[in-house]
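**Student:** Okay, predicted coordinates and the sequence, questions at the end:
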Amino acid sequence: MAFDANSSDLTIGVVGAGVMGRGIAQVAAEAGMTVLLADARRDAVEEARAFCADMIARKAAKGQITEDAAKAAAGRIRGTGAGPESGYADFAPCDVVIEAVAERMDVKHAVLAGLEEAVQDDCIIATNTSSLSVTGFAAKARRPGRVAGFHFFNPVPLMKLVEVVGGVLTEPWTLDALTAVARRMGHHPVRTTDTPGFLVNHAGRGYGTEALRIVSEGVCGFADVDRIMVEAAGFRLGPFELLDLTGLDVSHTVMESIYRQYYEEPRFRPVIITAQRHAAGLYGRKVGRGFYEYSEGKASKPADPSPPTIDPKSVSVWISRRFPEAAESLAKVLAASGARIETGSRPSSGALIMLTPFGEDTTTAALAEELDPTRAVAVDCLFPLSRRRTLMRTPVTETAIRDAAHALLAADGVPVTVIHDSPGFVAQRILACIVNIGADIAQQRIATPEDINRAVELGLGYPKGPLAFGDALGPARILRILDSMHAFYGDPRYRPSPWLKRRALLGVSLATAES
């Protein structure tokens with residue numbers, strides 16, 4: 001079917017004048033489209049129009065658009081008398097109608113039925129759902145081929161991403177048209193199939209759930225995980241800071257929903273921590289208390305423990321050469337501290353033993369080289385050691401050994417987080433899960449590698465997309481981490497995706513698509 005997304009008289013209908021609906025209306029109007037806005041609550045339409053006009057005027061005040069352009073854009077948003085009681089006859093001239101009503105399929109089906117009685121046969125009907133099946137929504141349609149998902153992110157004017165979701169019955173022209181509309185709105189469209197969580201919410205399962213699992217195992221605390229992921233791994237927010245920002249009333253529900261919708265796929269398995277804190281009403285910033293307590297919007301976090309004080313020259317350190325590159329980077333840090341570094345093939349009887357494993361805990365790594373676990377510690381060398389360092393002990397590491405290692409690693413002022421034994425430390429575990437889930441999204445052909453990376457960067461704010469992260473850290477290294485965790489736990493949660501495993505074995509990029 002012919003569809004011109006750049007037509008000067010393109011008309012967009014928006015059903016639902018809440019936060020999402022008004023955001024969609026604003027970006028459509030700014031892109032030169034006529035917007036017809038409806039809501040079951042009549043006052044909501046005028047409130048939304050006034051809100052959009054104010055937001056657009058602010059852009060003019062900042063010089064981002066001209067005053068004339070702002071007035072014209074605000075004038076293109078028109079209220080209608082359309083609604084569940086009066087019908088949707090006012091939407092007859094629409095080229096596209098986007099529903100942004102409550103996340104209940106019965107409510108959405110009622111809107112769909114009303115729209116199909118009013119709009120032309122070539123009018124696209126899109127749902128902005130973030131959690132419901134597009135196929136299930138379209139199943140009740142008279143013409144399901146013109147029904148698709150068009151999932152924006154909040155706040156719509158700032159989050160320049162939209163998922164264009166094809167249901168089982170959606171026709172290709174519908175997806176092409178919505179992709180073009182998204183581009184006209186100034187958004188980046190990513191095409192995805194109709195799966196639970198679509199692309200972005202699906203890809204986001206690795207960050208928070210693995211962090212929760214780490215804390216549930218007693219490896220370290222919430223603030224420890226956040227500091228490692230922000231300062232060492234380069235994320236904007238730690239997983240627990242992010243959960244507090246989004247609100248556990250939302251995040252816990254999404255965790256459980258996606259886990260159930262995927263028939264209890266182990267990769268998405270939640271832990272009891274969120275259920276308990278959800279029941280206690282510890283939702284996060286919105287209530288002043290979550291994983292942290294908040295005062296005037298600022299989180300109260302425990303301070304880093306002060307490192308022990310020792311004379312570096314009194315310590316003799318032996319570094320495992322099992323992973324030469326990691327050993328070299330660690331040796332530079334320790335040499336700068338003034339410690340005496342042993343160069344023999346085996347440690348002396350009194351040496352502090354330092355290991356640099358990938359995917360293993362300190363216990364496993366020490367025993368693999370037949371080293372004394374009471375004198376062994378491990379340092380995570382997945383990321384540069386210049387911002388924050390993670391030190392891991394065994395259950396039997398002597399306190400004096402742990403303290404000496406802590407003091408040496410902190411001698412130059414770089415903070416150190418000391419954790420209990422954990423296969424994959426903290427950052428390795430979380431990054432491996434992020435990469436693995438991204439690889440499996442590619443394996444299932446839910447989206448292209450390019451779209452997976454771009455959507456995660458835009459929608460989740462990660463430093464890199466999951467496949468780009470895997471390529472930067474090394475597919476073979478990520479595979480090693482996952483294999484080691486899988487062997488230790490025996491949990492299919494850590495089984496490597498075929499997409500990752502094949503590309504790691506072949507030595508090619510994770511972003512390599514199949515022809």
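**Tutor:** Alright, I've got the coordinates. Residues are numbered from 1 along each chain as shown.
**Student:** From here on, just use CA atoms for contacts and neighbour counts.
**Tutor:** Fine.
**Student:** where are the low-confidence patches of the stretch 401-515 of the chain?
**Tutor:** Along the stretch 401-515 of the chain, segments meeting pLDDT under 70 are nowhere present.
**Student:** Show me where it has its strands.
**Tutor:** Per DSSP state E, counting those that start in this stretch, the stretch 401-515 of the chain carries strands over the ranges 416-419.
**Student:** ok, now the stretch 151-300 of the chain?
**Tutor:** Using DSSP E, counting those that start in this stretch, strands in the stretch 151-300 of the chain cover 161-166, 188-193, 293-295, 298-300.
**Student:** would TSV of those with mean pLDDT and distance to P155 be doable?
**Tutor:** As requested, these are exported to TSV (pLDDT from 0 to 100; distance: least, Cα to Cα, whole Å):
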stretch	mean pLDDT	distance to P155
strand 161-166	98	10
strand 188-193	97	14
strand 293-295	95	23
strand 298-300	93	21
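**Student:** Please identify the most buried of the ones you listed.
**Tutor:** Comparing those by mean neighbour count (mean count of other Cα atoms under 10 Å), strand 161-166 comes out on top with a mean of 28.
**Student:** List the pairing partners of that strand within its sheet, with orientation.
**Tutor:** strand 147-152 (antiparallel), strand 188-193 (parallel) (DSSP bridges).
**Student:** out of those, nearest to D483?
**Tutor:** Set against D483 and scored by Cα to Cα, these come closest in strand 188-193, at 28.8 Å.
**Student:** For that closest one, output the C-alpha coordinates as CSV.
**Tutor:** Provided in CSV are the C-alpha atoms of strand 188-193 (Å, rounded to 0.1, in the frame of the first residue of the first chain):
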residue,chain,number,x,y,z
HIS,A,188,15.6,6.1,15.9
PRO,A,189,13.4,3.1,14.9
VAL,A,190,14.4,-0.4,15.7
ARG,A,191,12.6,-3.3,14.1
THR,A,192,11.8,-6.2,16.5
THR,A,193,9.6,-9.3,16.5
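**Student:** what about stretch 40-48, distance to the chain center?
**Tutor:** Counting by Cα atoms, centre = their mean, to the nearest Å, stretch 40-48 is centred 33 Å from the centre of its parent chain.
**Student:** returning to that earlier point: can you add distance to G338 and give the strands paired with strand 161-166 back as a markdown table?
**Tutor:** Below are those laid out as a markdown table (distance: least, Cα to Cα, whole Å):
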| stretch | distance to G338 |
| --- | --- |
| strand 147-152 | 54 |
| strand 188-193 | 51 |
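**Student:** re the thing from before, how about the strands of the stretch 151-300 of the chain in TSV, adding distance to G344?
**Tutor:** Shown next, in TSV, are those (distance: least, Cα to Cα, whole Å):
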stretch	distance to G344
strand 161-166	55
strand 188-193	54
strand 293-295	50
strand 298-300	47
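**Student:** Relative to A17, how far out is D226?
**Tutor:** According to Cα to Cα, to the nearest Å, D226 and A17 sit 36 Å apart.
**Student:** who has more neighbours, these two?
**Tutor:** Taking neighbours as other Cα atoms under 10 Å, D226 and A17 compare with A17 leading, 28 against 23.
**Student:** For the stretch 401-515 of the chain, which segments are assigned as helices?
**Tutor:** Counting by DSSP state H, counting those that start in this stretch, one finds helices in the stretch 401-515 of the chain at the ranges 427-443, 449-460, 466-473, 475-489, 498-506.
**Student:** now the fourth one against helix 427-443, angle please.
**Tutor:** Regarding helix 475-489 and helix 427-443, their directions subtend 110 degrees when assessed with axes from the mean of the first three to the mean of the last three Cα atoms, to 10 degrees.
**Student:** related to what we said a few turns ago, nearest to I124, out of the strands of the stretch 151-300 of the chain?
**Tutor:** When the strands of the stretch 151-300 of the chain are compared by Cα to Cα, strand 161-166 sits nearest I124, at 12.4 Å.
**Student:** which residues touch that closest one?
**Tutor:** Residues from elsewhere that reach strand 161-166, judged by Cα atoms under 8 Å, 6 or more residues apart in numbering: 134-135, 148-153, 175, 178-179, 182, 187-194, 198-199, 455, 458-459.
**Student:** ok, now with 7 Å
**Tutor:** By Cα atoms under 7 Å, 6 or more residues apart in numbering, the residues outside strand 161-166 that reach it are 148-153, 175, 178-179, 187-194, 455, 458-459.
**Student:** could you turn stretch 215-234 into PDB, dropping everything but the C-alphas?
**Tutor:** Extracted C-alpha coordinates of stretch 215-234, given in PDB (Å, rounded to 0.1, in the frame of the first residue of the first chain):
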ATOM      1  CA  VAL A 215      24.000  -9.900  46.500                       C
ATOM      2  CA  SER A 216      21.700 -12.800  47.300                       C
ATOM      3  CA  GLU A 217      24.800 -15.000  47.400                       C
ATOM      4  CA  GLY A 218      26.500 -12.800  50.000                       C
ATOM      5  CA  VAL A 219      29.300 -11.800  47.700                       C
ATOM      6  CA  CYS A 220      29.100  -8.100  48.600                       C
ATOM      7  CA  GLY A 221      26.500  -5.400  49.200                       C
ATOM      8  CA  PHE A 222      24.300  -3.200  47.000                       C
ATOM      9  CA  ALA A 223      26.700  -0.200  47.100                       C
ATOM     10  CA  ASP A 224      29.700  -2.400  46.300                       C
ATOM     11  CA  VAL A 225      28.000  -3.700  43.100                       C
ATOM     12  CA  ASP A 226      27.000  -0.200  42.100                       C
ATOM     13  CA  ARG A 227      30.500   1.300  42.600                       C
ATOM     14  CA  ILE A 228      32.100  -1.500  40.600                       C
ATOM     15  CA  MET A 229      29.700  -1.200  37.700                       C
ATOM     16  CA  VAL A 230      29.900   2.600  37.600                       C
ATOM     17  CA  GLU A 231      33.600   3.300  38.400                       C
ATOM     18  CA  ALA A 232      35.200   0.100  36.900                       C
ATOM     19  CA  ALA A 233      32.800  -0.800  34.100                       C
ATOM     20  CA  GLY A 234      31.700   2.700  33.100                       C
END
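**Student:** where's that stretch relative to the chain centroid, distance-wise?
**Tutor:** Centroid separation for stretch 215-234 versus its chain: 16 Å, with Cα atoms, centre = their mean.
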